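> the following block contains a protein sequence and its predicted model.
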Amino acid sequence: MIRRNLPHPAPGLAEPAPLINTTPLIDLLLVLLVMFIVSVPIATHKVPLDLPGGAPPAERGPIVHRIDLDAAGRLFWDGRPIGEAELPGLLARMAAGPADAELHIAAEAETRYERVDETLAAVARAGISRMGFVGNERFAASLDRPRP
């Protein structure tokens, strides 16, 4: 076995201390710095828009007019009693108005069908196509009952 004489530090000098290799730490910090530099502009990117201010406008539904027929055959337009001669003018104004206007027709159970038919003919002559019958739910239960 060969023994070599290694130089020993002089007495009183500090012994060499083991050091941590900081190269991987510096590499990691540089990678994180580059990622931060690249990602910050993406997160703060803004698209300039001119948006209207103030409260949003209230959504407006279709204009709904209602014709009611009572048991005596009297006509009511939006709850106001009208005469037979007034109905064609009201229907013509409705047909000339907004395209999304709707007409609801409600008749009492005792109203004669002939009177309802005359009203429907006036609606058809006015050219109104957006029409529906309302209030018929109350008659459904009577139709389901067995007759004596």
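It's in.

> pull out the buried positions in stretch 54-72.
Neighbour-count burial for stretch 54-72, counted by 16 or more other CB atoms under 10 Å, picks out His65, Ile67, Asp68, Leu69. Where C-beta positions appear, they are placed from N, C-alpha and C, glycine not excepted.

> give me the phi and psi for the second one.
Main-chain dihedrals, Ile67, degrees, to the nearest 10: phi -110, psi 120.

> can you pull up the bridge partners for it?
With DSSP bridges as the criterion, Ile67 is bridged to Trp77, Ile105.

> give the contact list for it.
Taking CB atoms under 8 Å, 6 or more residues apart in numbering, we find Ile67 in contact with Leu75, Phe76, Trp77, Leu87, Leu103, His104, Ile105, Ala106, Thr119, Val123.

> the same query, at a cut-off of 10 Å, please.
75-78, 82, 87, 90-91, 103-107, 116, 119-120, 122-123, 131 (CB atoms under 10 Å, 6 or more residues apart in numbering).

> quick one, which of the residues you listed are buried?
Listed as buried from the contacts of Ile67 are 75, 77, 87, 90-91, 103-107, 116, 119, 122-123; burial here means 16+ other CB under 10 Å.

> cool, thanks, talk later.
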